[in-house]
Every structure is written in structure tokens, then in C-alpha cells.
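Peer 1: For reference, the sequence and a predicted model appear below.
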Amino acid sequence: MKTIDSLGDLRGKRVLVRSDFNVPLDGTTITDDGRIRAALPTLKRLTNAGARVVVLAHLGRPKGTPDPQYSLAPVAARLGELLGQDVALAEDLVGASAKATVDGLADGQVALLENVRFDARETSKVDAERAELAGELAQLADAFVSDGFGVVHRKQASVYDVAQVLPAAAGDLVRSEVESLSKATGDPERPYAVVLGGSKVSDKLGVIANLLTKADRLLIGGGMVFTFLAAKGLSVGNSLLEDDQIDAVKGYIETAEKNGVEIVLPVDIVAADSFAADAPHQVVSADAIPDGTMGLDIGPESGKLFAAKLADAKTIAWNGPMGVFEFEAFAAGTTAVAQGIIDATSDGAFSIVGGGDSAAAVRALGFDEAGFSHISTGGGASLELLEGKELPGLTVLAD
Ligand SMILES: Nc1ncnc2c1ncn2[C@@H]1O[C@H](COP(=O)(O)OP(=O)(O)O)[C@@H](O)[C@H]1O
Ligand SMILES: O=C(OP(=O)(O)O)[C@H](O)COP(=O)(O)O
């Protein structure tokens, strides 16, 4: 991959940096700033080199139009604190405010443009629309640094297209993530266990097909579970369910049997009356989720089962919390899996935790990050890399 050094002397140059600042928020309070901290080495390196740094980022999944609840204002404030300098936030992405903000930068200063996903062209499937936005972004800068590892699996204007119209390079975070994850991409030591959970179900079900040719065990938790249970003909109440993926999941279950890959599903579920921290809840058998309830965590027997299935693993990849860990009542499954992975790691396994929320969960639940071999800032991105896919945001940076 092209390096920042290849961009030459950056003093006085405007450098556009794509970061992943998709941090968890409670209202406007950032509950975990890990992704902002992870961006600092590249940003400091650029400011120390005298560049005028213009940062691009997304927050959440707004619908291609400005939406105040997804404003990057809290991120600009936190980034400013961490960098020890004010970070101006432009009110738009490529409009008058963005231009004025960039023009106002002195050497070594940093500004942030408003959420890239407020512009529908960012995530457009039409190449020409993304290219048009990339062209407008390119007018704001002299060079581009891709450092949002969590989005390198996205073929989006600020990740992929802009790298084709400006001199481009990989930032330090992207380089170090790729290096750390490469230890599990080639020939992982076996048994190789992959734990999948979280709520981006349709996104992440897609990786399973390839993992069925690589992993020995797939442990399924979080919001993923219910599409598997439904594929087995069980009822899941009001739990998160991707109806249109049920047939695909039936196919995965068949392929797993053929390939000798063990799919481990929870045997019990914490079923709640509603999605709330104080919702009444009960532990039920996974085949008896009552109508009108929703599964918000794997149950205690499942936590023990998952830990046992991790105990002898030599390579472990985990993405996606086992339950709604943000609510104390539904955090036990995630705690059990995190502890299981830490124990396996201390017995010699190589372990990777990936994803904004999974990494946040590890910290929020009080685990020592040093207990894992690598904590990645990217969930979907790390899974797709481990799956062996070519990621558009990386291929476009090829030397
Ligand atoms: N059973 C469930 N039902 C609904 N949401 C869930 C469930 N289990 C986990 N989640 C949610 O999944 C979210 C994280 O999912 P995801 O974005 O896929 O993970 P990551 O950011 O680590 O890649 C968390 O906010 C968590 O509350
Ligand atoms: O949070 C992210 O990914 P992750 O949940 O897979 O870790 C990234 O910011 C990518 O966001 P996206 O999945 O909305 O493209």
C-alpha cells in the first residue's frame, strides 16, 4: 500500500483524511471514544508535518440528507480535546461552509467536515454519482489519506472514489490493522473459532458463506441468532429477524454440515417484554421464546457453552456483542464470551476482537484490552479481510 511518505513534503498542503468516527452515542454524549483515539497517530503525524488537515467521517446511517441527530459536532469537540487544538466543524460537506473552513486552516490545523452520509452520493450504487462527489471533495485538497479502517470494505465516495482522483496513501491505522489481521488470514492455527453477533445481521450474514470454508466452529449470538432459529422452524417472538435471509441461512446450515464446520447456537435466551434497560425479562429455552417477547441476550447456559467451545481454540475472531450489552440486564452473554476469549488467549490462542461496539463492550464491561491479541476498530472490515475478500478501500491504495 502507498504510504504517507509517498505523498512527499506536506507542509502547507491540504490533506483530506477519511477516518472512522462512527462512535457510540447516548444523545450527544460519546460513550466510547476508542475510534477517535485510534485516529490520532495519523492526524498528529500530518499536523507535525505542517499539513492543513481536513477530516471526513460518517456517523450512523442517515438517509443521504442532513439529520441533526447524526451531526459530527460531539466528535469535533472530543477530537479537539484529544489533539489539544480547536477542531472547526464545517456545516456541510462540499458547500460554502466546507470551502470557507478549509480556506481558514493554517499549517498544522485540523478541521472536520459534516457527516459524509448527509450526501446521498456518498453511498450511491451509481459509479458516476460517487465519482461526482469525489471530484467535489478533491477540490478541497491536494492529497488523500485513507485511515478509516472500519470503512475500507465500503465502496463509497469518501473511501474508494476519492482515492482515484487525488494522490492517495494509507494512514498508520489502516496499515497497522492490515498487518495485525494478516496473522489470521493466511493459515490460521486450528481449531479456528469465529463468534458472530451484533445487530448488522444482513451485512454480516454475508461473510458466513466464506467462513464456512475457513473456520472450524461458528458461534452465533446477538441479533444474528434469530434468523438461525427461524431457519430451524422455531418461533422468535419480536426478536430481530431478517425474514429474507432465512433461506440463505438454511443453505449455510447445510454447507456447514457438509464441510464439517460446527455451528454453535445458543440453547437459552434472555427474552424481554420490550427493548428497554428495565424491561421485565426471563431466561427461556431457545426453542420456546414466548410470543410478544424479544431476545436481548444469550442465556447463562449458552454463555457456558460458548466459553467451552472457545477453550481449546487456537485462533479466535469475534465480531458483534452477544446481547444488548449497553443495558446491564442483557450484558452477561457478552461478558461470558469476552472472558472465554481472554482465557483461551492466555492459553496461547491468537484472538481478534473487531467492531466499534464489540471493542466498546470490552472496555465498558471492564476487561483489560491486553487480554486479547488484537482489538480492531473495524467489525465488518475485519471480517471481510479474514474471509479473504478484496476490500475496495484497500485495493485502491495499492502501490
Ligand atoms: N439480541 C439483540 N437484539 C438487538 N440488538 C442486539 C442484540 N444483540 C446485540 N445487539 C446490538 O448490536 C449492536 C452492535 O452490533 P454491530 O454494529 O453489528 O457490532 P460491531 O459494531 O461490534 O461491529 C449493539 O449496539 C447491541 O446492542
Ligand atoms: O461501525 C462500523 O462498522 P462495524 O459495526 O462493522 O464495526 C463502520 O463505521 C462502518 O459503518 P457501516 O456499517 O454503517 O458502513
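Peer 2: On my side now, so go ahead. Ligands and ions are numbered 1, 2, ... in the order given.
Peer 1: Now do the helix or strand of the chain with the lowest mean pLDDT: distance to the chain's middle.
Peer 2: Across the helices and strands of the chain, mean pLDDT, DSSP states H and E gives its lowest value to helix 201-205, namely a mean of 89. The chain centre lies 12 Å from the centre of helix 201-205; the measure is C-alpha atoms, centre = their mean, to the nearest Å.
Peer 1: cool, and stretch 30-41?
Peer 2: The answer for stretch 30-41 is 13 Å, by C-alpha atoms, centre = their mean.
Peer 1: Do a quick rundown of the strands in the stretch 201-350 of the chain.
Peer 2: For the stretch 201-350 of the chain, the strands defined by DSSP state E, counting those that start in this stretch cover 217-220, 262-264, 268-272, 281-285, 294-298, 315-319, 350-354.
Peer 1: Does ligand 1 have contacts with the fourth one?
Peer 2: No. If you take C-beta under 6 Å from any ligand atom as the test, strand 281-285 misses ligand 1, and the best it gets is 11.7 Å. Any C-beta I mention is one placed from the backbone N, CA and C, and that applies to glycine too.
Peer 1: So the residue of the stretch 51-200 of the chain found nearest ligand 2: helix, strand or coil?
Peer 2: Ligand 2 sits closest to Gly150 of the stretch 51-200 of the chain, with a gap of 3.8 Å, by C-beta to the nearest ligand atom. The three-state label for Gly150, taken from DSSP: H, G, I helix; E, B strand; the rest coil, comes out as helix.
Peer 1: What count of nearby residues applies to it?
Peer 2: Counted by other C-beta atoms under 10 Å, the residues lying close to Gly150 total 28.
Peer 1: Do you know the pLDDT at the residue of the stretch 1-150 of the chain found nearest ligand 2?
Peer 2: For the stretch 1-150 of the chain and ligand 2, the shortest gap (C-beta to the nearest ligand atom) falls at Asn22, measuring 3.2 Å. As predicted, Asn22 sits at a pLDDT of 98.
Peer 1: How about the one 3 residues further on?
Peer 2: The per-residue pLDDT reported for Leu25 equals 97.
Peer 1: Surely it and Pro74 touch.
Peer 2: Yes. With contact defined as C-beta atoms under 8 Å, Leu25 reaches Pro74; the gap is 6.6 Å.
Peer 1: So between those two, which is more surrounded?
Peer 2: Pro74 (19 against 16).
Peer 1: Next, the buried residues of the helix or strand that contains that one.
Peer 2: Element membership of Pro74, judged by DSSP states H and E, is helix 73-83. Going by neighbour count (16 or more other C-beta atoms under 10 Å), the buried part of helix 73-83 is 74-80, 82-83.
Peer 1: Show residues contacting that helix.
Peer 2: When contacts are defined by C-beta atoms under 8 Å, 6 or more residues apart in numbering, helix 73-83 is touched by residues 21, 23, 25, 28-30, 33, 36-37, 39-40, 43-44, 47, 55, 57, 59, 86-89, 110, 112.
Peer 1: Kindly export it (C-alpha atoms) in CSV.
Peer 2: C-alpha atoms of helix 73-83 as CSV (Å, rounded to 0.1, in the frame of the first residue of the first chain):
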residue,chain,number,x,y,z
ALA,A,73,-20.5,18.0,16.5
PRO,A,74,-19.7,15.8,19.5
VAL,A,75,-16.9,14.2,17.6
ALA,A,76,-15.3,17.6,16.6
ALA,A,77,-15.4,18.6,20.3
ARG,A,78,-13.8,15.3,21.5
LEU,A,79,-11.2,15.3,18.7
GLY,A,80,-10.3,18.9,19.7
GLU,A,81,-9.7,17.8,23.3
LEU,A,82,-7.6,14.8,22.3
LEU,A,83,-5.5,16.8,19.8
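Peer 1: Fine by me, we can end here.
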